[in-house]
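# Show me the folded form of this:
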Amino acid sequence: MLGVDDFALKRGHVYGTVLIDIENGRVVDVLPDRTAETFTAWLEQHPGAEIVCRDRASAYAEAIRTAAPDAVQIADRFHLWQNLCKADEKCVIAHRGCLASLEDDQDEPAELPAEPPVIEGKRVTNTRRNFAAVHEMTS
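You can find the predicted model right below:
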């Protein structure tokens, strides 16, 4: 199983492509750009990819269709989550009127506590101390 994704060498200016063996998590190769031609050439020189895990980049999809037409293309976990979050956001926006009407139907509005609860403990103390130290350095 081959994983393919782009990465920034110089954000907004220079991008490359990283190829990873998904089964052992090791980098297989790094390509100098993220074009379909470069990835197609690489796939032709390294036949045998059966499953390719990729992002939504059309260049990668085109390269796989051209050089490894029998390979199964799958979306990576990050992009599945990203797609799910976008779909959820669209659904919530489309139904926000329903949420407002539920709030209007309540007899009494929910009351917020007067003060937030005080959280104590070693981790909280350390976090507050570190926050104060960073804030002092930036002031």
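
# Let me know the next secondary structure element after the helix or strand of the chain with the lowest mean pLDDT.
Ranked by mean pLDDT, DSSP states H and E, the weakest helix or strand in the chain is helix 96-105, scoring a mean of 64. Next helix or strand after helix 96-105 toward the C-terminus (DSSP states H and E): helix 122-138.

# got the contact list for that next one?
Applying C-beta atoms under 8 Å, 6 or more residues apart in numbering, helix 122-138 turns out to have no external contacts. All C-beta spots, glycine's among them, are computed from the backbone N, C-alpha and C.

# which SS class is the residue nearest the centre of the chain?
By C-alpha atoms, centre = their mean, the chain has its centre lying nearest to residue 78, at 3.8 Å. Assigned with DSSP: H, G, I helix; E, B strand; the rest coil, residue 78 falls in the helix class.

# quick one: contacts for it?
If you count contacts by C-beta under 8 Å, 6+ apart, residue 78 has them with residue 55.

# Now do residue 8 against residue 34, distance only.
Using C-beta to C-beta, to the nearest Å, residue 8 is found at 10 Å from residue 34.

# which neighbours do the two share?
Common contacts of residue 8 and residue 34 (C-beta under 8 Å, 6+ apart): residue 15.

# Of those two, which one has the most company?
More neighbours surround residue 34 than the other of residue 8 and residue 34, with 20 against 11 (other C-beta atoms under 10 Å).

# Find the nearest non-adjacent residue to residue 56, please.
What sits nearest to residue 56 in space, not counting adjacent residues and going by C-beta to C-beta, 6 or more residues apart in numbering, is residue 79, at 5.9 Å.

# Apologies, that question was intended for residue 74.
Per C-beta to C-beta, 6+ apart, closest to residue 74 is residue 53, 5.2 Å.

# tell me which element that neighbour is part of?
Using DSSP H and E, the element containing residue 53 is strand 51-54.

# so what strands line up beside that strand?
Applying DSSP bridges, strand 51-54 is found paired with strand 2-10 (parallel), strand 72-75 (parallel).
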